[in-house]
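S.K.: fold the following.
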Amino acid sequence: MIRVALKAAQRDLAALVRAVEQDGERIVLTRRGRPVAALLPYGAIEALDRLGRLLPDVADVAAGLKDPDPAAPGLGPPPPRRRAPAPPPEGAP
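M.R.: Sure, this is the predicted structure:
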């Protein structure tokens, strides 16, 4: 991914579009060093649109799922915190 200042992008727009079109390059446009926009291949935009249309369906399905194994890592609520064992009393063997 290439970062290009807006001023430079205005001057070199044709070359930047050519890089995106021919090489599939992704270009982040910056203003004062902060990202403000991006140039992406059109296929990436189409894919994002398709994904956006699918996400509400995925969220609906996920909301109806039950956790199959609450003990499995990453599933269900986090395990209870374990306390560190208390130090042995003074004079204990």
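
S.K.: quick check: residue 24 vs residue 41, distance?
M.R.: 5 Å (Cβ to Cβ, to the nearest Å). From N, CA and C alone the C-beta is placed, and that goes for glycine too.

S.K.: no, scratch that, I was asking about residue 13
M.R.: 16 Å.

S.K.: neighbour-wise, which of the two wins?
M.R.: residue 41 (15 against 12; other Cβ atoms under 10 Å).

S.K.: any idea of the pLDDT on that one?
M.R.: You'll see residue 41 listed with a pLDDT of 94.

S.K.: distance of it from residue 55?
M.R.: According to Cβ to Cβ, residue 41 stands 21 Å off from residue 55.

S.K.: same thing with residue 4?
M.R.: For residue 4 relative to residue 55 (Cβ to Cβ), the value is 30 Å.

S.K.: between the two, which is the more surrounded one?
M.R.: residue 4 (18 against 10).
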